[in-house]
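Trainee: Predicted coordinates and the sequence they were generated for:
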Amino acid sequence: MTDQALVELAFTMLECSYVPYSRFPVGAALEVADGTVFTGCNVENSAYGSTICAERTALVKAVSEGHRDDWVRLAVVGNSTDYCWPCGACRQMLYEFCPQLTLLVGRRDGQFVKLALEELLPHGFGPKSLQ
Ligand code: THU
């Protein structure tokens, strides 16, 4: 799958977002080595802090299906003029499983930036830090 195709898949998830409070839909698509893609969207809650971001929805879908060490790329997009940069909690959760993960961060007009998770979370705290 091309980078663009993964970004487009993330865009299709915007319509699944449950965002009655922020009205800010986010979509994600996490590709693993065998080509399987785990999609995700943000799911908000009336107890606002219980909200789960799109990236973490995709992450927990992958891990709960046995994919924890074969991640390749994650696309995340919002319906916003700026790029939809992953929040701090998502950066940390992603780092746990794949510090080398490639990210495709997109914005409403379809443009996206390709970069490494370690660029967004340098010197991150992960499993190795506990050794
Ligand atoms: N959101 C995400 O889904 N991913 C991020 O990395 C940033 C924020 C969601 C959470 C909330 O539903 C909405 O965007 C506004 O913060």
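Mentor: That came through fine.
Trainee: how far away is Ala10 from the ligand?
Mentor: 11 Å (C-beta to the nearest ligand atom, to the nearest Å). Placement of C-beta: from N, CA and C, glycine included.
Trainee: what do you get for Glu31?
Mentor: 18 Å.
Trainee: Next: Gly110.
Mentor: If you go by C-beta to the nearest ligand atom, the gap between Gly110 and the ligand works out to 18 Å.
Trainee: Wait, that residue touches Ala75, no?
Mentor: No: between Gly110 and Ala75 there is no contact under C-beta atoms under 8 Å: 11.6 Å.
Trainee: So the two - more neighbours on which side?
Mentor: Ala75 (33 against 11; other C-beta atoms under 10 Å).
Trainee: The ligand contacts on this protein?
Mentor: 19, 22, 24, 26, 42, 44, 51, 53-55, 86-87, 90 (C-beta under 6 Å from any ligand atom).
Trainee: Now go through these and say which are in helices.
Mentor: 54-55, 90 (DSSP state H).
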